[in-house]
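Novice: kindly return the folded structure for what I paste below:
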Amino acid sequence: MKKGKFLLPIIISLFLIQLISAASFSIGTMVNEFGGENLVLITIFFILLATINYALGKAIDNKPTVGVISTCFALLATYGMHKLDFDVEGMLLNIGVPESVMYYLFPMLLLISSLIIFWKLGLGVLFLLLGIFLLGMSAFTDFFYESTVTGVIGALLILFGAWLLKRKYFPGTSRGPKGPKPERTSSPPKPRIDILIKEAKAFRKWADKQPKPKMVRNWAYFIAHLKNRKYGSDEKDIMNKLNVTQQDIVKVVKKYIL
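Specialist: Predicted structure coming up:
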């Protein structure tokens, strides 16, 4: 499992690098397609996503729910800033952030955010968010040269991420390998009244052959008989081994011995 935890981030990183390369990605292409303002908005989206996800994660234990709510809030906030013509790029330039830094920031932030999402929320949430991102990029922009292929990849990632989340949080609904069967709880042993009755009849036959039968047909002699028959070392031990009560012994003695 430890090897898998180190291997998966490497695979994800290679996947993202190949994906960006397949999109004929370059800094110049990114500038021409998006422009600095759009890149800043996307960067803000990821920052809001990470911040809201961290805040909600403190109050809600269900990680998929936190991921969906965080994504919705981050999208709405970013969309609102875009519709209000909030000049984020100008604000960053005014505080001294070079324009070239903003162009490099987006791909690095995408890679770092993906690794953080993987460690914090799991592979299912990461694939789900990447699928939504790729599907949206292919549907609403011309950034990728093969937008149809990118859209299909995004849809497949969404389905695969949803399947992983289903297996993780709803294992009973999948047709995976069956888990170990629950251990059967053994029922308590039944009282062995039948043994008491059998021994009482045998004791009565023995007592009737004695010179004074009435002297030996009593409780104490019957308990001694059971001890000789190895049913226990004393009265309490006999009751425990035969799972009977003192009242059970009294009834048997009255009915079959006295």
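Novice: doesn't residue 213 make contact with residue 207?
Specialist: Yes - between residue 207 and residue 213 there is a contact at 5.0 Å, judged by CB atoms under 8 Å. Using the backbone N, CA and C atoms, a C-beta is placed for each residue, glycine as well.
Novice: who's more crowded, those two?
Specialist: The neighbour count for residue 207 versus residue 213, taken as other CB atoms under 10 Å, is higher for residue 207 (19 against 12).
Novice: I'd like the distance between the more buried one and residue 215.
Specialist: 9 Å (CB to CB, to the nearest Å).
Novice: same deal with residue 161?
Specialist: Distance from residue 161 to residue 215, by CB to CB: 87 Å.
Novice: between these two, which is the more surrounded one?
Specialist: residue 161 (23 against 10).
Novice: surely the more buried one meets residue 127?
Specialist: Yes - using CB under 8 Å, residue 161 is in contact with residue 127, at 3.3 Å.
Novice: return every residue with contacts to both of those two.
Specialist: Taking CB atoms under 8 Å, 6 or more residues apart in numbering as the contact rule, residue 161 and residue 127 touch no residue in common.
Novice: ok, residue 151 touching residue 139?
Specialist: Yes - Residue 151 is within contact range of residue 139, at 6.5 Å (criterion: CB under 8 Å).
Novice: more neighbours, those two?
Specialist: Using other CB under 10 Å as the criterion, residue 151 and residue 139 rank with residue 151 on top: 18 against 11.
Novice: point out where the stretch 1-150 of the chain drops to low pLDDT.
Specialist: 1-40, 86-89, 91-93, 96-107, 137, 140-146 (pLDDT under 70).
Novice: can you pull out the helices in it?
Specialist: All helices of the stretch 1-150 of the chain, identified by DSSP state H, counting those that start in this stretch, fall at 2-22, 27-33, 36-57, 63-83, 88-94, 99-121, 123-140, 147-169.
Novice: good, wrapping up.
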